[in-house]
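In: Kindly generate the corresponding structure for this input.
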Amino acid sequence: MKKTITFALWLMSSCAAASHSDFSWHGYVAQGVTQSKGSSFMTDDDKITGELTEIGLNGYYQLAKNVSIAGQINYLDGGNRFEQGARLDYLFVDWKLPDLSENWRGQIHIGRYKNKHWLYSVTRDVPQTRYTSVLPQSVYFDGFRDVALGSNGIQANFSHLGSHYNWDLNWSYGRSHINDTQRDFLLGSDANGKIKQDFVHQASVFLQPSSLTWKVGASWLNSDFRYTPSLNDNRLSGEANIERLMLSAQYFAENWEVSAEVLREIQDSKGLFAPDFAEKRRGEGGFVQFRYLFNNDLSGLIGFDTYVNDVSDRQGKQLEALSGGTIPAYFGYQDTYTIGLRWDIAPKWRLQGEYHWVEGATRVVSLLNRDVVSHADKYWEMWSLQLMYWF
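Out: A predicted model of the protein is given here:
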């Protein structure tokens, strides 16, 4: 990863030196304070910390009329939500296809492309585009942020601009590297082997009127994972498949907007904990959030987010019984109520705060990690306040 980031920095500097007219770059710096109370989701021991840092630099270089390169490097410190340090968020070749017809446009991304299939997936890496620092966890699961943000492979996007409606069609196929931190998140610190994502296959379609007042869409995801244990390992060989179906919608008015996404996930796991271990469950969830613009500089948000790990056990009682009480019932679901406030204090400067009230803990840690008792109480809270600047 360090070599890849170094290459990306070298590429950006080389492009900048080549031609200022063909190269553009932007960046952002965001720093805040945060706390999770009654849970280790963000911080440990209910501490208030400054582990809310985001620093990013992205660039775009026009190689030819229809070919360009885009990339972004990012330093991230989000407490316990993801691994602290630098990462390459994306680096891909963008090929704009010749006009297919009068109304159809197309482009292909090759490399580490960005996920374009969900409402906020393509912008979740940029702090000033998010309404809250912690996105709805039913869909934008922070434990898998780096894997879900983008993949290494190919992506195709097609747009149809009509007189009344616009269509967006997206397709992608690739895979992401899963590091040891993400392995521990999934399987616990006792796991010493390697997790590999064999592939992730996604497709989506969005419809929007020419007035741009609303947007609806649907997406599909299918992905395979495989675990290979080390010589001294407390986990066994195993595999898992995840399939996700999701519906998305947004409505925009002059002073307010509402956004919502609902999903259904089928998770099929084999091996890992015992030679005959097999588990197939269907999870469901989604969120709705309402944002109101008081004026050009100040806006507020309220939202509700929910996720059930197994629809046949919505209260988690079977989960607790089958685990012999090792996993509390409230790890089978999670409901979150959110309020947020955004204030643009000066051009390119923003102060953003939020508070979340949570019941349940299924998104605090993956249930593939059976050591979950100490991770959260049944009722817990989290908040953050973040100052950001972009250029």
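In: Give the full set of residues in contact with the closest residue to residue 126 other than its chain neighbours.
Out: Of all residues not flanking residue 126 in the chain, residue 28 sits nearest, at 6.3 Å (CB to CB, 6 or more residues apart in numbering). Glycine gets a C-beta too; all of them are placed from N, C-alpha and C. Residues near residue 28 by CB atoms under 8 Å, 6 or more residues apart in numbering: 54, 55, 56, 126, 127, 128, 388, 389, 390, 391.
In: Break down the stretch 1-150 of the chain into its helices, ranges please.
Out: With DSSP state H, counting those that start in this stretch, the ranges of helices along the stretch 1-150 of the chain come out as 2-18, 145-149.
In: least reliable of those helices going by mean pLDDT?
Out: Sorting the helices of the stretch 1-150 of the chain by mean pLDDT places helix 2-18 lowest, at a mean of 51.
In: Residue 152: how many residues sit nearby?
Out: Neighbours of residue 152 under the rule other CB atoms under 10 Å: 17.
In: repeat for residue 48
Out: Neighbourhood size, residue 48 [other CB under 10 Å]: 12.
In: go on, residue 280?
Out: For residue 280, the neighbour count with other CB under 10 Å is 11.
In: With residue 350 as the reference, measure out to it.
Out: Counting by CB to CB, to the nearest Å, the gap from residue 280 to residue 350 is 44 Å.
In: Check residue 163 too.
Out: From residue 163 over to residue 350 the distance is 37 Å, taken as CB to CB.
In: higher neighbour count, these two?
Out: The neighbour comparison of residue 163 against residue 350 (other CB under 10 Å) goes to residue 350, with 19 against 7.
In: Mind listing what's buried along whichever strand or helix holds the more buried one?
Out: Residue 350 belongs to strand 349-360 when assigned by DSSP states H and E. Under the neighbour-count criterion of 16 or more other CB atoms under 10 Å, strand 349-360 has 350, 352, 353, 354, 356, 358, 360 buried.
In: Can you lay out those as CSV showing pLDDT?
Out: Output for the buried residues of strand 349-360, formatted as CSV (pLDDT from 0 to 100):
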residue, pLDDT
350, 98
352, 98
353, 98
354, 98
356, 98
358, 98
360, 96
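In: Can you pick out the most distant pair from those residues?
Out: Using CB to CB, the two most remote members of these are 350 and 360, lying 30.9 Å apart.
In: Can you report how many residues lie near residue 229?
Out: Here the count is done by other CB under 10 Å, and residue 229 has 18 residues near it.
In: which one is it nearest to, not counting chain neighbours?
Out: Residue 229 sits nearest to residue 193 (CB to CB, 6+ apart), 4.0 Å away.
In: my guess is the one you found meets residue 233, correct?
Out: Yes: here residue 193 lies in contact with residue 233, judged by CB atoms under 8 Å, at a distance of 5.3 Å.
In: neighbour-wise, which of those two wins?
Out: The neighbour comparison of residue 193 against residue 233 (other CB under 10 Å) goes to residue 193, with 20 against 15.
In: measure that one to residue 176 for me?
Out: Distance from residue 193 to residue 176, counting by CB to CB: 17 Å.
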